[in-house]
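>>> Quick check, what structure comes out for this input:
(2 chains)
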Amino acid sequence: MLDIKVLRDNPDAVKAGAIKKRLADRVQAVDRALAIDAELRAMIPGLDALRSEQKNFGKTMGKLSPAERETALARQKDLKAEIGALEEREKTLRAELEQQLALVPNVPDPEVPDGKDDTENVEVKRHGQVRTFDFTPRAHYDLAEAQGWVDFLRAANMAGSRNYILFGDLALLHDAVLRFAVELMVQRGFVPVDPPLLVRDQAMFGTGFFPGGEEQTYRCERDGLNLIGTAEVPVTSLHGGEMLTEDQLPKKYVARSACFRREAGTHGKDTRGLYRVHQFQKVEQVVIDVADQERSIRHHHDIVANAEALLQACDLPYRIVAVCGGDLGVPQAMKYDIETWMPSRNAYCETHSASRFYDYQARRLDLRYRPKDGGKVQFCHTLNNTVIASPRVLIPLLENHQLPDGRVVVPAALRPYLGGREVLGKPLG
RNA sequence: GGUGGGGUGGCAGAGUGGCCUAAUGCGGCAGUCUUGAAAACUGCAGUUGGCGCAAGUCAACCGAGGGUUCGAAUCCCUCCCCCACCGCCA
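Below is the predicted model:
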């Protein structure tokens, strides 16, 4: 949610932002919001004056003669009807304003590259050597199935497509990388959180997933609850509705959680293997801090660096892209994706997504703080980034670290989580 | 699931139809005193919106939404949440 004042002062910039995000259909929400705002502001002074008159009546009533009292009461009746009608209109307008304002996307920062979709994201950094194989490397699904580490068929039978069952060492590796990720973040001062996975609509709305993301979300209709697609939702909502004090900030949280995504509209895309699945585990980092653009940008770089540290510790080649306007979501002001090299796909593929929102989420969540210097109450800034998502990260781990015989080398950083083992699997024929 | 008690400003906590324009305390800010700090004292101060260059001024807000009333923090209804006890249960 943007401040209505931003729309008033700079409607063209807000509209240009929506167009840069390729959300042209939401441009009209700006004009609608402004029209409603104008009507509200035109009627409020009159309404306030009437309410003022009504309110003052109680003080004078006692001094009136019976006859005067009669006329005064008649006037009060009129006032009541008049105020009632105006309040009805005000209520409708405020609801509509809220609705339109909720549709207005956050304005992308100037540094966000122009572009229509993820093919036009701009690489800003590349790290690590892409491995060249002197044997024919196996794709992770072939390798894992041959090792008896994964079963897609039985998973599909019991749960439908885009599901998987991990077994044995791969189940352990999955857990190892997640545990490593949590510990790394705890070392870096983040507070571990184990949040609810089923949340109310307000949390989905507050983080900007609703309206718009309903189709991607599993919903428990009879309880009115939604399964989270990322721990960003409950963790960013953690202090929703609260008034924090500046000395409580920044809040840095790390949450490991299961994540659920319907992947509607992706039929036929990435159907093979562990890349695009309905349920996965993710370690997510969330930062909540004061309303300071420069600090937000610094946090943004920090949370990217945290993810990089993890990938480097796992000896995985990756690159960072600045996500272009057309690939940016509604609530983000700027986003970096980290893409890790996946030999079977012969490409760098998204494994991390680091976003900064400024106060867009905080406004929707009513997440505020009181500045130290006694200044005006402010909305917080929020950011988040993946630390690791598995099983997706198992793809590069298996494929980049495979041996010619189908065994897999464990990166040194993960060995403590696997009983010190350096290699997983048995030699394949 | 059942019964009962609650939800008031940053926090605690008074307030059962009209001087509530929400007491009081804590915390916060400014000042006096002090080498500095603490204590003490004095003053300022809720949030949101409208109008205004500003001082200011008007309105809304007492968990959410409806209702009764000339008038609601206060009475009624629905919902949400918290606490206590009982039942069931991982």
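
>>> Show the pLDDT at A:Pro211.
According to the prediction, A:Pro211 has pLDDT 87.

>>> actually A:Arg89, not the one I typed
Per-residue pLDDT puts A:Arg89 at 88.

>>> Which of the helices or strands spans A:Lys252?
Here A:Lys252 sits within strand A:251-260, counting by DSSP states H and E.

>>> what's that strand packed up against?
The helices and strands touching strand A:251-260, judged by 3 or more Cβ pairs under 8 Å, 6 or more residues apart in numbering; DSSP states H and E, are helix A:168-187, strand A:191-193, helix A:232-236, strand A:279-289. (Each C-beta comes from the backbone N, C-alpha and C, glycine too.)

>>> And for that strand, what's in contact with it?
Outside of strand A:251-260, the residues that reach it under the criterion Cβ atoms under 8 Å, 6 or more residues apart in numbering are A:178, A:181-182, A:185-186, A:189-195, A:197, A:217-218, A:227-231, A:234-235, A:238-239, A:244, A:278-289, A:387, A:389.

>>> Report the buried members of the residues you listed.
Neighbour-count burial (16 or more other Cβ atoms under 10 Å) is assigned, among these, to A:178, A:181-182, A:185, A:190, A:193, A:195, A:197, A:217, A:227-231, A:234-235, A:238-239, A:244, A:278-289, A:387, A:389.

>>> burial measure for A:Asn163, as a count.
Applying other Cβ atoms under 10 Å, we find 16 residues neighbouring A:Asn163.

>>> Quick one: mean pLDDT over stretch A:374-386.
90.

>>> quick one: terminal-to-terminal distance for that stretch?
One end of stretch A:374-386 sits 35 Å from the other (Cα to Cα, to the nearest Å).

>>> Which positions in that stretch come out as buried?
Neighbour-count burial for stretch A:374-386 flags A:Gln378, A:Phe379, A:Cys380, A:His381, A:Thr382, A:Leu383, A:Asn384, A:Asn385, A:Thr386 (criterion: 16+ other Cβ under 10 Å).

>>> Which helix or which strand is home to A:Val27?
Take DSSP H and E as the rule and A:Val27 turns out to sit in helix A:27-60.

>>> Excluding sequence neighbours, find me the nearest residue to A:Pro317.
The shortest distance from A:Pro317 to any residue other than its chain neighbours is 3.2 Å, reached at A:Gly128 (Cβ to Cβ, 6 or more residues apart in numbering).

>>> so who does that neighbour touch?
The neighbourhood of A:Gly128, defined by Cβ under 8 Å, 6+ apart, consists of A:Leu311, A:Gln312, A:Asp315, A:Leu316, A:Pro317, A:Tyr318, A:Trp341.

>>> Select only the buried ones of the residues you listed in PyMOL?
Selecting in PyMOL just the buried members of the contacts of A:Gly128, where the criterion is 16+ other Cβ under 10 Å, is done with this command:
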select buried, chain A and resi 311+315+316+317+318+341
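
>>> Which residues does the nearest residue to A:His401 once chain neighbours are set aside form beta bridges with?
On the basis of Cβ to Cβ, 6+ apart, the spatially nearest residue to A:His401 that is not a chain neighbour turns out to be A:Val409, at 4.5 Å. On the basis of DSSP bridges, A:Val409 takes part in beta bridges with A:Val423.

>>> wait, A:Ala362 sits on A:Val377?
No - A:Ala362 lies out of contact with A:Val377 (Cβ atoms under 8 Å); the separation is 11.5 Å.

>>> Could you tell me which residues touch both of those two?
Between them, A:Ala362 and A:Val377 have A:Arg368 as joint contacts when contacts are counted by Cβ under 8 Å, 6+ apart.

>>> and the residue nearest to A:His401, how many neighbours does it have?
Around A:Val409 sit 15 other residues, with neighbours defined as other Cβ under 10 Å.

>>> how about it, what does it touch?
Each residue near A:Val409 by Cβ under 8 Å, 6+ apart is listed here: A:His401, A:Gln402, A:Leu403, A:Glu422, A:Val423.

>>> The residues you listed, buried ones only, as a ChimeraX selection?
In ChimeraX, this line selects whichever of those come out buried by 16+ other Cβ under 10 Å:
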select /A:401,402
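
>>> Pull the most distant pair out of the contacts of A:Val409.
Spatially, the most separated pair among the contacts of A:Val409 is A:Gln402 and A:Glu422, at 13.8 Å (Cβ to Cβ).

>>> A:Ala156: what's it in contact with?
A:Ala156 is in contact with A:Asn163, counting by Cβ under 8 Å, 6+ apart.

>>> Give the pairing partners of the strand or helix carrying A:Thr386; include direction for each.
Element membership for A:Thr386, per DSSP H and E: strand A:381-390. Here strand A:381-390 is paired, per DSSP bridges, with strand A:279-289 (antiparallel), strand A:347-358 (antiparallel).

>>> got the angle for the next helix or strand after the shortest one vs strand A:381-390?
Translated: strand A:279-289. Toward the C-terminus, strand A:279-289 is succeeded by helix A:293-313 as the next helix or strand (DSSP H and E). Angle, helix A:293-313 to strand A:381-390, by axes from the mean of the first three to the mean of the last three Cα atoms, to 10 degrees: 10 degrees.

>>> Which residues does helix A:293-313 contact?
Looking at what lies outside helix A:293-313 - Cβ under 8 Å, 6+ apart - the contacts are A:127-128, A:180-181, A:184-185, A:188, A:250, A:285, A:287, A:289, A:318, A:320, A:334, A:336, A:338, A:340, A:351-352, A:354, A:356, A:358, A:381, A:383-388, A:411-413.

>>> So the closest residue to A:Cys380 other than its chain neighbours: helix, strand or coil?
Among residues not flanking A:Cys380 along the chain, A:Ala362 sits closest, at 4.4 Å (Cβ to Cβ, 6+ apart). Under the three-state scheme (DSSP: H, G, I helix; E, B strand; the rest coil), the conformation of A:Ala362 reads as helix.

>>> Thanks a lot, see you next time.
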